[in-house]
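# kindly return the folded structure for what I paste below:
(chains A and B)
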Amino acid sequence: MPILSVHGVTVRFGGIIALDGVSFDIEPRQIVGLIGPNGAGKTTLFNCLSRLYIAAAGTVSFEGAPLLTQPAHRIAGLGIGRTFQNLALFPTQTVLQNVMVGAHCRTSSDFLSNALKLGWVAREEAACRAHAEELLDFLDLGLVAHHPAAGLPFATLKRVELARALASRPKLLLLDEPAGGLNHEEVGTLGALIQRIRTERGLTILLVEHHMSLVMQVSDKVVVLDFGRKIAEGTPAEVRRNPEVIKAYLGSEAA
Amino acid sequence: MSGSRLPRLVGLLSLLLAACALPFVLSNFRLFQFSQVYIYAIAILGLNMLTGYNGQFSLGHGAFYAIGAYVSAIMMDRWNIAYGWTLPVAGVLCLVVGFLFGLPALRLEGLYLALATFSLALAVPQILKYFEHWTGGSQGIVLSKPNAPFGLKLNPDQWLYFVTFAVLVLLFWLGANLLKGRIGRAIVAIRDNHIAAEAMGINTALYKSLVFGVSAAYTGVAGALSASVIAYVAPDSFNVFLSVTLLIGSVIGGLASISGAVFGALFIQFVPNWAQDISKAAPWAIFGVFLIGFMYLMPFGIAGGIRLLWIRATRSRVPQEGRSAVPTQAHTTT
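Just a heads-up that it's a prediction; the model follows:
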């Protein structure tokens, strides 16, 4: 059974159709690349899955249960973590605090027990902190743990977002342009990292990326959008050969 | 981190001791003023939670202060209930009122929310006058100061000082616990980026309303304490100016800072008096000069200014560590 099944999803903004009947499936532990020219609707689809945008039509099921009836703040708890294209960190909080906010949906202490500093709250806090520190080490962020997110380099903040998303212990990870702002060498490391996250943590990954070589390197399957429609789906090799994709996306250079 | 815990603990303990010694060295009037400082500090901490930590503006916290004061005064005056019992009642009632006000306020952001809360501040004194049967109308309610229990050799001002201080310590301890843990991180996350906060699984609507409630509860307890300390409540003590004063204290003390609430309270209690001493003719002009001066010298509030000084002082002594490469920001939430 697919872990995520997107069926006929349509999103409209006024008269503009941002997504037009998009359907595809993701199998557990797959890495799926979602590509397309600017404005193709990739981030719109992400925001739809995060329930930040409302789909006009279509259904999405996650682990067999309907997703589009859930409120936005339940999505992380269901097991869908995400990063944002243009960074959406909490700038005044430290890197460690940012990552610990990521674990919000995996912790449960309430206002009153926090205020009273009950014993179980302290234990939950310690466990949350330990997990966050482990993630910071995993992503090589230990040195900046107590630095506010504001003022750190873009590439570092991209990793902080990744750590924050992993802190929610997701089953499905949505990565929105993780290679944005990275240099050539860093992109190579990122590819290896994405594959490690899949193999070591058993995650399924949906990846939006403009960096073609990265997508082709790590993806088991690639879905191509253009003007809100799916124009191709298949292995990286199949997509690369698809004339429709070449015409719409890769352009004449690749042909 | 653990290195800074010990000096902080020692500092807090010595402050605690100094505060407990004050009643035996100061005149009753000075003690009354310090009780008032603690009351303001509680109210400002409440406002800080809402405005500083959660990013919701309120120009109407005087209304919750008034509700707290009147709940306490009516309970004491009508039903002879001891002042101690009126505090939790005022707190819980303001929690509910604040939460309910917070629900529609979810649709308002920034300045619009400021205006909506402002209207609350405008309305409450008149509503108090309207229910004359309960509130005594414009005359207000005259109360008597409680005597010290258990045969303690303290006069009412000394006793009320200790009561106020104890409530302050309790509420600051609760507030600090709340703001430093999971809930506090979520509260700040909503302020910093509410969409990301929602995506991280924070029910932002519920949290914002709850913070509004807790904030109102703090301010309500402060109001209830003020009823006993001043031994009088009247609608015109809770006008718009009170709301603005609390906001001034919150900003000058340091938004999103726990200790800032105390500094802000000292400012709004004593600076108007100094201004009066300097010029009888135009004290508010002098107050304005103080206000601008403080904001200019300490843009992150008094708490932020002290933190910066502390960082500078400790940095010159500590040999360069690896972290000195990154600039230290004053506007971090602690």
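# so where is the chain shaky, pLDDT-wise?
No chain in the question, so chain A it is. A:249-255 (pLDDT under 70).
# actually it's chain B I care about, not the one you picked
B:1-4, B:316-334.
# who are the contact partners of the residue in it positioned nearest to chain A?
Of all residues in chain B, residue B:201 sits closest to chain A, at 3.1 Å by C-beta to the nearest C-beta. Glycine gets a C-beta too; all of them are placed from N, C-alpha and C. Residues counted as contacts of residue B:201 (C-beta atoms under 8 Å, 6 or more residues apart in numbering or on different chains) are A:73, A:74, A:75, A:76, A:77, A:104, A:105, A:168.
# isn't there a strand covering the fifth one?
No - assignment of residue A:77 by DSSP: H, G, I helix; E, B strand; the rest coil gives helix, placing it outside any strand.
# contacting residues for it?
A:105, A:106, A:168, B:201.
# and the residues you listed, which two are furthest apart?
A:106 and B:201 (8.3 Å; C-beta to C-beta).
# shared neighbours of those two, which are they?
Residues touching both residue A:106 and residue B:201 (C-beta under 8 Å, 6+ apart): A:77, A:168.
# which other residues reach stretch A:39-52?
Residues from elsewhere that reach stretch A:39-52 (C-beta under 8 Å, 6+ apart): A:4, A:6, A:9, A:11, A:18-20, A:22, A:34-36, A:53-55, A:60, A:67-68, A:70-72, A:74-75, A:80, A:82, A:85, A:174, A:176, A:206, A:208, A:225-228, B:195, B:198-199.
# hmm, 6 Å instead?
A:11, A:18-19, A:34, A:36, A:53, A:55, A:72, A:75, A:82, A:85, A:174, A:176, A:208, A:225-226, A:228, B:199 (C-beta atoms under 6 Å, 6 or more residues apart in numbering or on different chains).
# just the buried members of the residues you listed?
For the contacts of stretch A:39-52, a neighbour count by 16 or more other C-beta atoms under 10 Å in any protein chain shown gives the buried set as A:11, A:18-19, A:34, A:36, A:53, A:55, A:72, A:75, A:82, A:174, A:176, A:208, A:225-226, A:228, B:199.
# helices - which of those residues land there?
Of those, the ones assigned to helices by DSSP state H are A:72, A:75, B:199.
# ok, so what distance separates the last one from residue B:211?
In this view, residue B:199 and residue B:211 are 19 Å apart by C-beta to C-beta, to the nearest Å.
# ends of stretch A:47-58, how far apart?
Stretch A:47-58 has its terminal residues 14 Å apart, counting by C-alpha to C-alpha, to the nearest Å.
# if I look at residue A:74, how far off is chain B?
The spacing between residue A:74 and chain B, counted by C-beta to the nearest C-beta, to the nearest Å, is 7 Å.
# residues contacting that residue?
Neighbours of residue A:74 in contact, by C-beta under 6 Å, 6+ apart: none.
# next: residue B:61.
By C-beta under 6 Å, 6+ apart, the contact list for residue B:61 reads B:47, B:219, B:243, B:246.
# which non-adjacent residue is nearest residue B:118?
The shortest distance from residue B:118 to any non-neighbouring residue, by C-beta to C-beta, 6 or more residues apart in numbering or on different chains, is to residue B:59 (4.1 Å).
# same deal with residue A:58?
Residue A:58 sits nearest to residue A:9 (C-beta to C-beta, 6+ apart), 3.5 Å away.
# just residue A:81 next, same as before
Leaving aside its sequence neighbours, residue A:81 sits nearest to residue A:170 (C-beta to C-beta, 6+ apart; 3.2 Å).
# I'd say the one you found and residue A:78 touch.
No - under the criterion of C-beta atoms under 6 Å, residue A:170 makes no contact with residue A:78, lying 9.0 Å away.
# out of those two, which sits in the busier spot?
Set residue A:170 next to residue A:78 and count neighbours by other C-beta atoms under 10 Å in any protein chain shown: residue A:170 wins out with 24 against 17.
# which SS class is residue 40?
I'll assume chain A. On the three-state scheme (three-state DSSP), residue A:40 is labelled coil.
# any idea how far it lies from chain B?
22 Å.
# next, count neighbours for that residue.
The burial count for residue A:40: 24, using other C-beta under 10 Å.
# with residue B:30 instead?
Neighbourhood size, residue B:30 [other C-beta under 10 Å]: 14.
# the helices in the stretch 101-250 of chain B, which residues?
B:110-130, B:132-135, B:156-180, B:182-192, B:194-199, B:204-230, B:240-253 (DSSP state H, counting those that start in this stretch).
# try the stretch 101-250 of chain A
A:111-115, A:119-138, A:154-167, A:184-201, A:212-218, A:236-241, A:243-245.
# quick one, phi psi at residue A:80?
phi -110, psi 110 (degrees, to the nearest 10).
# ok, residue A:16 next?
The phi and psi values for residue A:16, taken as degrees, to the nearest 10, are phi -90, psi 130.
# distance check, it against residue A:227.
Counting by C-beta to C-beta, the gap from residue A:16 to residue A:227 is 10 Å.
# these two: which is more packed in?
residue A:227 (15 against 9).
# and the nearest residue to residue A:25 once chain neighbours are set aside, how many neighbours does it have?
What sits nearest to residue A:25 in space, not counting adjacent residues and going by C-beta to C-beta, 6+ apart, is residue A:2, at 3.8 Å. Other residues near residue A:2 come to 16 when the count uses other C-beta under 10 Å.
# do the same with residue A:237
Residue A:237: 10 neighbours (other C-beta under 10 Å).
# residues contacting it?
So residue A:237 contacts nothing (C-beta under 6 Å, 6+ apart).
# good, wrapping up.
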